[in-house]
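A.B. asks: Predicted coordinates and the sequence they were generated for:
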Amino acid sequence: MIPGIRTVSVLDRSRTREGQPAAQALRDTVELARAAERLGYHRFWVSEHHSVPGVAGSAPTVLAAAVAGATSRIRVGTGGVMLPNHQPLVVAEQFGVLESLFPGRIDMGLGRSVGFTGGIRRALGRDTEDADRFEEQLTELLGWVDGTQQAHPQVHARPAEGLRIPAFVLATGEGAGIAARAGLPLVVGDLRSRDRVADIVERYRKEFRPSSRGAQPYVIVSGTVAVAATAQEARRILVPEAWALAYSRTLGSFPPLRPAQEVEALEMTPKQRELYEGALGGHVHGTEEQVAAELAGVAELTGADELLVTTSTYDRTALLDSLTRLARLCGLAGTA
């Protein structure tokens, strides 16, 4: 057991791997969810990305349905649905269907990001100003679910209306303040900026207003965690994602993951090397003993109620081994 770590969950972004079709990444996500359930993790969340070569997860509620259908106990949700990309009524309906099919297991994680390029935003019918409407959209969405919205008295979000669907706010931009005002749980990352995370959490707790959805603050801290037999092996788990980040920032496209050994053999430009090394730093990684000490520090600094692990790598065997070791460290039921 790690002091202060009470609940641990998994977020998977359905990262594609070089030489494999996007469909395989989606099947891998479903299989990872089954493994997370066996290991005793509390939640399994999926994400929303549009027109990204390295990410297959573009329709989180659809993927969440597949995950929920392939599992039986673990909570399933989104980390998150990017609300500015959608009409709140449609989002309410989608989660209403999920909750109706899988009662008591669905989480509605919501973010305020829009497509990261002008072309994507135009294709979605959105622009950067839509992110500024997130709080308004969130209020509308919750109203559809609670049956309290009054703007359209003859319209109802069926089958969502009246269902108890937990909502969570991702802390991008002003997300922490919005979550606090709405009385909702907060999801904040990443662990490479731990003092910043602690500041966001402190502000959220200070400004939190109790609501029908939450009597007190609830904080989920999200970040990359890699555990292996040696510190070097744990670092290699981080290598494929670190290179994808360096590649995207120098060549303009976020690519599928490549094997660690291929990345380590690359001749990088000085700028790529700088970005790559930077992307490797700050994450929680190492042996079980090292990771336990780091996570205990994170728990003490943030007082988090829950840890959400977001690790991506090419080697699925290494990823599963890392999650297994972490589950054992945290004393999860599936490893007892």
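C.D. replies: Cool, got the structure. Keep in mind that what you see is a predicted model, and the values were worked out from it rather than measured. Numbering: from 1, shown residues only.
A.B. asks: could you pull out the strands for the stretch 151-300 of the chain?
C.D. replies: Defined through DSSP state E, counting those that start in this stretch, the strands belonging to the stretch 151-300 of the chain, from first to last, are 167-170, 186-188, 219-223, 225-227, 284-286.
A.B. asks: wait, which of those strands is closest to Arg38?
C.D. replies: Nearest to Arg38, of all the strands of the stretch 151-300 of the chain, is strand 225-227, at 17.0 Å by Cβ to Cβ. C-beta here means a position set from N, CA and C on the backbone, and glycine is covered the same way.
A.B. asks: so what does the closest one touch, helix or strand wise?
C.D. replies: Here strand 225-227 is seen to pack against helix 231-251, strand 284-286, helix 288-302, helix 316-329 when contacts are counted using 3 or more Cβ pairs under 8 Å, 6 or more residues apart in numbering; DSSP states H and E.
A.B. asks: Report the rounded mean pLDDT for that strand.
C.D. replies: Throughout strand 225-227, pLDDT has a mean value of 98.
A.B. asks: Identify the residues contacting it?
C.D. replies: Counting by Cβ atoms under 8 Å, 6 or more residues apart in numbering, strand 225-227 makes contact with 191, 234-235, 237-238, 283-288, 291, 295, 307, 309, 311, 313, 321-322, 325-326, 329, all of which sit outside it.
A.B. asks: in its sheet, what does it sit against?
C.D. replies: Partner strands for strand 225-227, per DSSP bridges, with pairing direction: strand 284-286 (parallel).
A.B. asks: Which helix or strand lies directly C-terminal to the worst-scoring helix or strand of the chain on mean pLDDT?
C.D. replies: Least confident helix or strand of the chain, by mean pLDDT, DSSP states H and E, is helix 118-124 with a mean of 73. Sequence-wise, the next helix or strand downstream of helix 118-124 (DSSP states H and E) is helix 134-146.
A.B. asks: In PDB, could you pull the C-alpha coordinates for that following helix?
C.D. replies: Output for helix 134-146, consisting of C-alpha atoms alone and laid out as PDB, is shown next (Å, rounded to 0.1, in the frame of the first residue of the first chain):
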ATOM      1  CA  PHE A 134     -17.800  25.600 -21.700                       C
ATOM      2  CA  GLU A 135     -19.300  26.700 -18.400                       C
ATOM      3  CA  GLU A 136     -22.600  27.600 -20.100                       C
ATOM      4  CA  GLN A 137     -22.600  24.300 -22.000                       C
ATOM      5  CA  LEU A 138     -21.800  22.400 -18.800                       C
ATOM      6  CA  THR A 139     -24.800  24.000 -17.000                       C
ATOM      7  CA  GLU A 140     -27.000  23.100 -19.900                       C
ATOM      8  CA  LEU A 141     -25.800  19.500 -20.100                       C
ATOM      9  CA  LEU A 142     -26.300  19.000 -16.300                       C
ATOM     10  CA  GLY A 143     -29.800  20.500 -16.700                       C
ATOM     11  CA  TRP A 144     -30.700  18.000 -19.400                       C
ATOM     12  CA  VAL A 145     -29.600  15.100 -17.200                       C
ATOM     13  CA  ASP A 146     -31.200  16.500 -14.000                       C
END
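A.B. asks: Which neighbouring elements make contact with that helix?
C.D. replies: helix 88-101, strand 167-170, helix 175-182.
A.B. asks: Packed most tightly, which of the ones you listed would that be?
C.D. replies: Ranked by mean neighbour count, the helices and strands packed on helix 134-146 are led by strand 167-170 with a mean of 26 (mean count of other Cβ atoms under 10 Å).
A.B. asks: now for that strand, which elements pack on it?
C.D. replies: Using 3+ Cβ pairs under 8 Å, 6+ apart as the contact criterion, the neighbours of strand 167-170 among helices and strands are strand 106-111, helix 134-146, helix 175-182, strand 186-188.
A.B. asks: cutoff 7 Å now
C.D. replies: Counting contacts by 3 or more Cβ pairs under 7 Å, 6 or more residues apart in numbering; DSSP states H and E, the secondary-structure elements packed against strand 167-170 are strand 106-111, helix 175-182, strand 186-188.
A.B. asks: how about these, which one is nearest Phe168?
C.D. replies: Distance to Phe168, taken as Cβ to Cβ, is lowest for strand 106-111 among those, at 4.5 Å.
A.B. asks: So what touches that closest one?
C.D. replies: 43, 45, 75-83, 95, 98-99, 138, 165-170, 172, 187 (Cβ atoms under 7 Å, 6 or more residues apart in numbering).
A.B. asks: what inclination does it have with respect to helix 88-101?
C.D. replies: Relative orientation of strand 106-111 and helix 88-101, computed by axes from the mean of the first three to the mean of the last three Cα atoms, to 10 degrees: 150 degrees.
A.B. asks: Centroid-wise, who is the farthest residue in this structure?
C.D. replies: Of all residues in the chain, the one whose C-alpha sits farthest from the chain's mean C-alpha position, using Cα atoms, centre = their mean, is Gln154 at 35.1 Å.
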